[in-house]
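Asks: Next input, structure requested:
(chains A, B, C and D)
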Number of protein chains: 2
Amino acid sequence: MTTPCSACPLRRREHFVEMTRDEVRQTEAFKAGEMTIEPGTHLLIEGAGSAQLYTALSGMGLRYKSLADGSRQVLNIIFPGDFVGLQAGVMGEMKHSVVARTQMTLCVFDRNEFYSFVRSSPNRGFDVTWLAAMEEHFLGEALATVGQRDASDRIAWALVRIYQRGQALGMVNGGGLMPFPFRQQDLADLLGLSLVHTNKTLARLRRHNLVRWQDGQLAIPGLEPMAEMAGLELEPPPRRPLI
Amino acid sequence: MTTPCSACPLRRREHFVEMTRDEVRQTEAFKAGEMTIEPGTHLLIEGAGSAQLYTALSGMGLRYKSLADGSRQVLNIIFPGDFVGLQAGVMGEMKHSVVARTQMTLCVFDRNEFYSFVRSSPNRGFDVTWLAAMEEHFLGEALATVGQRDASDRIAWALVRIYQRGQALGMVNGGGLMPFPFRQQDLADLLGLSLVHTNKTLARLRRHNLVRWQDGQLAIPGLEPMAEMAGLELEPPPRRPLI
DNA sequence: CGAGTGATTGACGCAGATCAAGCGAAGTGG
DNA sequence: CCACTTCGCTTGATCTGCGTCAATCACTCG
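Replies: Numbering: from 1, shown residues only, chains lettered A, B, ... in the order given. Alright, predicted model coming up:
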């Protein structure tokens, strides 16, 4: 039923760094099982400890924090290959929640094994650190975007970042479309904007034919000007390790 | 001239987790030297690779990103005991800059040794991961604050967080004052506010006798209501590893 | 004493929040 | 098969928190 790591379809993608035979074996030993969840399901809940850690195999979701007044900050989007639950792994408790936006399949790991997994090989420990540092970098960029840029620049930043990730993962089809199973409210909560203003700003980007987003699919005809607005280079993201 | 790790004054503080004799020895071996820099000196520059990593021994500074339009996002504040340069360590290039706001003394490590240091003991590797995860958590909280809260709540959040950190490090003196060698512009850039609005909001907090900040010293007479505004609990932060 | 740096305060304007209403598509149940 | 609800998207009107501009003040320093 479950995919063995040796046959993992993600590992083949060149977006991920190769693993040695030993690393595959260690990961396989770490893996406790596989699970599939439906859209809208919460995988992890803020404040709760979790006995499991996950790697997304397919599907998309998002991480968010909710505040006392009921508002919500989306921290980032979860793509296939993302390692989920590191905070619970090292700190014992999640500081944000994770919810699925499509059906998702996930590798399940046992939190109790995490420490020994990291020990198992210094390379794997280093990989986890690399992922954490990358996440830190991403959040810093998000903070700079939300703190310093106006609405259209923020939207451009988010969409370009997401699209780049989709490209790296081969999720963009021949027509330049990638799956984008989110609501405008999700984008608004990611960028610190109201839903209404997000909608109006998106409408403007659409009118200028910079963005196409409908039926859960995203295309960016104006990728270059959008990246320009976002202050981003159009380079493929670095290859990342897979846990 | 340089302090041996075995005599490190920080390690004694209970804010930091104890280290085994072996860990102290490994860290000592990793340490390449010590340096002191003056206020305003840039320790690391965004985009540049760095041959060194650092741990702050004394003094304070801040990390920031600068944007194309000249604006600046402060990512966080550097306290004694903070490990600086992890991104350069794992990714080869800094994604933000670091500048000193007081005179700072720093332990210097050689980036080339970083990988073998992490290997040297699985515990030390885990510590680095822990720090990265903590940083990620902090940035997530900052993002939620900047994205979702109004000016006075943002300021309350930042000042309470900073003050808590100061308490944990024993930087708060009998009068409830801690050193706070920053400008209002720094706080504004941390919180995504303009200098003017930051100033006016601070004035209001001062009038209500919630905050005292002058001559580079900070006190929070209204710590409880401030924490309430900030949506924070008044617990001491978790003990952190020291690199 | 003039120059530079940071804090402060008032006046004004706007980006974006809030309020409100309507629309189409997809259930759902009687 | 048709009312009725729900959910997400859209759009107009109005309001406001915060940005911007500009001037002043207190200090420090050469």
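Asks: what's the neighbour count on A:Asp150?
Replies: 10 (other C-beta atoms under 10 Å in any protein chain shown). Backbone N, C-alpha and C define where each C-beta goes, glycine included.
Asks: A:Gly231 too?
Replies: There are 18 residues near A:Gly231, going by other C-beta under 10 Å.
Asks: I figured it hits B:Leu67, correct?
Replies: Yes: counting by C-beta atoms under 8 Å, B:Leu67 is a contact partner of A:Gly231 at 6.2 Å.
Asks: quick one: common contacting residues for these two?
Replies: A:Arg149 (C-beta atoms under 8 Å, 6 or more residues apart in numbering or on different chains).
Asks: now the strand or helix carrying A:Asp189: mean pLDDT?
Replies: Assigned by DSSP states H and E, A:Asp189 falls within helix A:184-191. Mean per-residue pLDDT for helix A:184-191: 98.
Asks: now the following helix or strand past it against helix A:184-191, angle please.
Replies: Sequence order places helix A:195-207 as the next helix or strand after helix A:184-191, per DSSP H and E. Relative orientation of helix A:195-207 versus helix A:184-191 (axes from the mean of the first three to the mean of the last three C-alpha atoms, to 10 degrees): 100 degrees.
Asks: Can you mark which positions in helix A:195-207 are buried?
Replies: A:198, A:201-202, A:205 (16 or more other C-beta atoms under 10 Å in any protein chain shown).
Asks: Distance to A:Ser50 for those - can I get that in CSV?
Replies: Output for the buried residues of helix A:195-207, formatted as CSV (distance: C-beta to C-beta, whole Å):
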residue, distance to A:Ser50
A:Thr198, 31
A:Thr201, 36
A:Leu202, 34
A:Leu205, 38
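Asks: quick check, nearest of those residues to DNA strand D?
Replies: Set against DNA strand D, the nearest of these by C-beta to the nearest atom of the strand is A:Leu202 (5.8 Å).
Asks: tell me the contacts of the nearest residue to the closest one once chain neighbours are set aside?
Replies: Leaving aside its sequence neighbours, A:Leu202 sits nearest to A:Ile155 (C-beta to C-beta, 6 or more residues apart in numbering or on different chains; 6.4 Å). A:Ile155 sits next to A:187, A:191, A:193, A:198, A:201-202, A:205 when contact means C-beta under 8 Å, 6+ apart.
Asks: and which of those residues is nearest B:Thr105?
Replies: A:Leu191 (39.7 Å; C-beta to C-beta).
Asks: For A:Ser6, grab the count of nearby residues.
Replies: Neighbour tally, A:Ser6, other C-beta under 10 Å: 12.
Asks: any idea how far it lies from A:Asn123?
Replies: Distance, A:Ser6 to A:Asn123, using C-beta to C-beta, to the nearest Å: 18 Å.
Asks: likewise A:Glu233?
Replies: Distance from A:Glu233 to A:Asn123, by C-beta to C-beta: 29 Å.
Asks: count of neighbours near the residue nearest to A:Leu177 when sequence neighbours are not counted?
Replies: Leaving aside its sequence neighbours, A:Leu177 sits nearest to A:Gln217 (C-beta to C-beta, 6+ apart; 4.5 Å). A:Gln217 has 15 neighbours, counted by other C-beta under 10 Å.
Asks: Could I get the contacting residues of A:Gln217?
Replies: Contacts of A:Gln217 (C-beta under 8 Å, 6+ apart): A:177-180.
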